[in-house]
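In: What shape does this take:
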Amino acid sequence: MSEELSRRSFIRGGAAAVAATAVGAAGVLSGCSSQDLSATGTAESQANENSKVPPAWDATVPEAWDREVEMLVLGCGIAGACGAVEGYDLGLDVLVVDAAPTITECCCTQSGGALCGCGTRIQEDFDVIDDVEVMIQDVRNDGGDLGDPEVIRAFCELSGETVDWLEDLGCDVIQNVSLNEPSHTIARTYNTNPPGNGLGWMEGLQGAIEERGIEVLSDTRAQKLYRDADGVVVGAHVEAKSGETLDIRATKGVLLAVGGLGNNVDMWNKHCLTMKELSSEAKRIVGAAPADVQGDGYRMLEEINGYCYPSPPNYGPGGVAVSNDGPASGILLPFNWKDSLIEVNKDGKRFNDESSFHVFYDLKTPLKQPEMWHVCIFDETARLGQNGQTNAQPIIDEATANGMDSVKTADTIEEL
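Out: Predicted structure coming up:
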């Protein structure tokens, strides 16, 4: 990793260095020029080498393209939106394709909204002394050391300037830094207004995209990546909800940022070992991601013989069904509440230290519970408090409005 790593140098090489790093194969996801292929040889020698064996993918590309841009961004969550803004600011002609109806209807918005950064202006204002090496170790420990060490290092090294950059773009960052124990040993966690989700990050990025006039094709799903016989991804096939299809050529690169496995249980079973056990034991599986997130990125990479670092997602319990056809967007997480609630299993037995983050991603505890579901119990004082109004009231309101029975109230514990 370069000692002079910066956000811009990370994306400048072919306009898709982020995606190329994520799949662990330089050039696989970027429409590279000869200098961009310096790590693996010149474009000519690479082509000669590739021509010796047939490609392990369908190398057919369209004879005629419907659109041509320099940088094609597939997905407009926080990753794709950041890439689109940075690509534009580097002088590239950028087109964004996203399956969601709007920029803010993404996983980031539905998340808890916390973003970590080392060496930010806010840390400086609060006299917090941080260290990138400590953050790297915290992230590796927190994920059971399953992540790609190089990507984790790059993320941590860029994290502080990224938080500052997002604030400069217009994200309404709360001027405070918190210690997210036990995930991090130093206070480096930031949130935006409104608190409790990631909407503030996405509203800021939406404003930056609109200010720059970056074109976004919403309600449009990426269906296929085009990788030619030389191994270069040169574009994508996309389809709008209206039925219109486009073959889009990208002359400088494709940034693949279409989200995770989302609501595709088959993909979860294939790529996450723990999910096989979950599927067999759980009473019901409800996705917590937006409905459009279906693991398309994994599928498209497989089709072009791309590479995904073997780091299986391992996120634990928390979803509350608030509608019959939507995601389990109601998330009552223990670390948001501290001492305000208790969690019990279907037999009414408390099984968790509700103030600990570890149970959230350690599936051993919920796997041991009957049918793997749990109930969060809190009283009226907790509901009317700040945490209750931020984390619980919107869930109660949405579930009640949709006629769901996932929220119960009673005057006594026995009745409940």
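
In: distance between the ends of stretch 60-70?
Out: 20 Å (Cα to Cα, to the nearest Å).

In: Which parts of the protein belong to which domain?
Out: Under automatic domain parsing, the residue ranges defining each domain of the chain are 1-113+192-314, 114-191, 319-401.

In: could you give the mean pLDDT of the first one?
Out: Averaged across domain 1-113+192-314, pLDDT comes to 80.

In: what's around residue 225, how many residues?
Out: 25 (other Cβ atoms under 10 Å). (Each C-beta comes from the backbone N, C-alpha and C, glycine too.)

In: Enumerate every residue touching it.
Out: Residue 225 makes contacts with 29, 233, 235-236, 254, 256, 300-301, 303-304, 306, as judged by Cβ atoms under 8 Å, 6 or more residues apart in numbering.

In: I'd guessed residue 264 sits against residue 292; true?
Out: No: in terms of Cβ atoms under 8 Å, residue 264 does not count as a neighbour of residue 292; the distance is 11.0 Å.

In: distance of the most centrally placed residue in the chain from residue 226?
Out: The geometric centre of the chain, computed from its C-alpha atoms, lies nearest to residue 259 (Cα atoms, centre = their mean), at 5.4 Å. Per Cβ to Cβ, to the nearest Å, residue 259 is found 20 Å from residue 226.

In: got it, and residue 208?
Out: 29 Å.

In: Check residue 130 too.
Out: 43 Å.

In: for residue 68, same thing?
Out: 13 Å.

In: Name the residue in these two with the higher neighbour count.
Out: A count of neighbours by other Cβ under 10 Å puts residue 226 above the other of residue 68 and residue 226, at 23 against 14.

In: Which element, helix or strand, includes that one?
Out: Per DSSP states H and E, residue 226 falls inside strand 220-227.

In: Buried ones in that strand, by neighbour count?
Out: Buried residues in strand 220-227, defined by neighbour count with 16 or more other Cβ atoms under 10 Å: 220-222, 224-227.

In: Columns distance to residue 160 on top of those residues, output as CSV?
Out: Formatted as CSV, the buried residues of strand 220-227 follow (distance: Cβ to Cβ, whole Å):
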residue, distance to residue 160
220, 34
221, 34
222, 31
224, 37
225, 33
226, 37
227, 35
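
In: from those residues, which is closest to residue 79?
Out: Distance to residue 79 across those (Cβ to Cβ) is lowest for residue 222, with 14.0 Å.

In: For that closest one, give me its contacts.
Out: Residue 222 neighbours (Cβ under 8 Å, 6+ apart): 74-75, 97, 99, 236-238, 258, 296, 300.

In: can you tell me which of the residues you listed are in helices?
Out: Mapping the contacts of residue 222 onto helices (DSSP state H) picks out 296, 300.

In: And the furthest pair within the contacts of residue 222?
Out: Farthest pair in the contacts of residue 222, by Cβ to Cβ: 75 and 237, 15.0 Å.

In: list the buried ones in the helix or strand containing residue 135?
Out: Assessed by DSSP H and E, residue 135 sits inside helix 132-142. Neighbour counts over helix 132-142 (16+ other Cβ under 10 Å) mark 134-136, 138-140, 142 as buried.

In: Could you export those residues to TSV, including columns for distance to residue 59 and pLDDT?
Out: Output for these, formatted as TSV (distance: Cβ to Cβ, whole Å; pLDDT from 0 to 100):
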residue	distance to residue 59	pLDDT
134	46	98
135	41	98
136	39	98
138	43	94
139	37	93
140	38	91
142	40	82
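
In: Need the residues you listed in CSV (columns: distance to residue 85).
Out: Compiled in CSV, the buried residues of helix 132-142 are given as follows (distance: Cβ to Cβ, whole Å):
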residue, distance to residue 85
134, 29
135, 24
136, 26
138, 28
139, 24
140, 29
142, 28
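
In: Just the closest of these to residue 408, please.
Out: Nearest to residue 408 among the buried residues of helix 132-142, with distances taken as Cβ to Cβ, is residue 142, at 33.4 Å.

In: Nearest spatial neighbour of the closest one, chain-adjacent residues omitted?
Out: residue 183 (4.6 Å; Cβ to Cβ, 6 or more residues apart in numbering).

In: related to what we said a few turns ago, quick one: strands adjacent to the strand holding residue 226?
Out: Sheet pairing of strand 220-227 (DSSP bridges) gives strand 233-240 (antiparallel).

In: ok so, going back, which residues touch the helix holding residue 135?
Out: By Cβ under 8 Å, 6+ apart, helix 132-142 touches 116, 118-119, 147, 149, 152-153, 155-157, 159, 183-186, 188, 361.

In: go again using 6 Å as the cut-off
Out: Helix 132-142 has contacts (Cβ atoms under 6 Å, 6 or more residues apart in numbering) with 118, 152-153, 156-157, 183-185.

In: Equivalent analysis for stretch 88-104, please.
Out: 15, 69-74, 76, 84, 87, 106, 202, 206, 212, 214-222, 238, 292.
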